[in-house]
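Student: Just the structure for this:
(one chain, ligands or ions: 1)
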Amino acid sequence: MCYTVIVKGVLAMITEFGKVLRKLRIDRGEILKNMADKLEMTSSYLSAIECGKRNIPSDFIEKLASLYELDESQIAELNSAKDESLNSIEICIEGKNASQRDLALQFASKFNDIDEDFAKQMLSLQKKRRRTTMSTYFKKCDVCNKDIVAQHWNTKYCPDCKIIMRKKQQGAAYKKYEEKAKQEYEDNIIRIRNSYARISAVAAEARKAGLTYGKYVASLRDDANNEIN
Ligand SMILES: [Zn+2]
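Tutor: Numbers count the residues shown, from 1 in each chain. This is a model prediction of the structure:
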């Protein structure tokens, strides 16, 4: 089963595709009927295609190309005009899973209610998805501006600059490590100095009390214990 999503547009005006088609016809010096006969369709049907009242059949450009021996640039022009002139999109939901079918049907029935903001959000979501699933990205190196083909969307540097940037980062990390080690060393010296100062202060007190260092510290410990008890 195929579900056709109709996007309403101004249908009475000649479409972009119609313009290109009409130009081709006039260039070949043909009236509508001649071209329609060659394409095996009625002239009213061909006219409806030119005016966007009828969908462009899927094999239409192919038929035109072989009939008028069009070159690649002419085919490309017709294809892009066709994209611009679309006023309905067919989504085939045959063989799709329940979620996919549901999404397509909901989209079709709610399409007219979709505002520009929501449409933009959907488009950016789709862009994001494409970014993470595509495997080749054409970018410019952030450092030397050389063209690069990247495997990830967030690649910033060409291989040469990547090595330089990595060395720089490693250099910065090593410098940080060095600074930290120096700080720790200085802190240690201060700690040792402080503990020496404490010990010599205690030793001076012991001398004043006429006790050995060990006995004085033991007496301090006993005093502390007595206070707790
Ligand atoms: Zn570079």
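
Student: buried residues in the host helix or strand of D37?
Tutor: Secondary structure assignment for D37, by DSSP states H and E: helix 32-38. Using 16 or more other C-beta atoms under 10 Å as the test for burial, helix 32-38 gives M35, A36. C-beta: built from backbone N, CA, C; applies to glycine.

Student: from the chain's centre, how far out does it sit?
Tutor: Relative to the centre of its chain, helix 32-38 is centred 48 Å away, using C-alpha atoms, centre = their mean, to the nearest Å.

Student: Let me see the mean pLDDT of that helix.
Tutor: On average, the pLDDT along helix 32-38 is 90.

Student: by contact count, what packs against it?
Tutor: Other elements packing on helix 32-38 under the criterion 3 or more C-beta pairs under 8 Å, 6 or more residues apart in numbering; DSSP states H and E are helix 43-50.

Student: got the contact list for the helix it packs on?
Tutor: Here helix 43-50 makes contact (C-beta atoms under 8 Å, 6 or more residues apart in numbering) with 14-15, 17-18, 21-22, 32-33, 35-36, 39, 54-57, 60.

Student: After it, heading C-terminal, what element do we hit next?
Tutor: Next along from helix 43-50, by DSSP H and E: helix 60-68.

Student: Keeping just the C-alphas, turn that following helix into CSV.
Tutor: The C-alpha trace of helix 60-68 is given here as CSV (Å, rounded to 0.1, in the frame of the first residue of the first chain):
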residue,chain,number,x,y,z
PHE,A,60,9.0,11.0,-17.3
ILE,A,61,12.5,12.6,-17.3
GLU,A,62,14.0,9.3,-18.4
LYS,A,63,11.6,9.2,-21.4
LEU,A,64,12.3,12.9,-22.3
ALA,A,65,16.1,12.2,-22.1
SER,A,66,16.0,9.3,-24.5
LEU,A,67,13.4,10.9,-26.8
TYR,A,68,15.3,14.2,-27.1
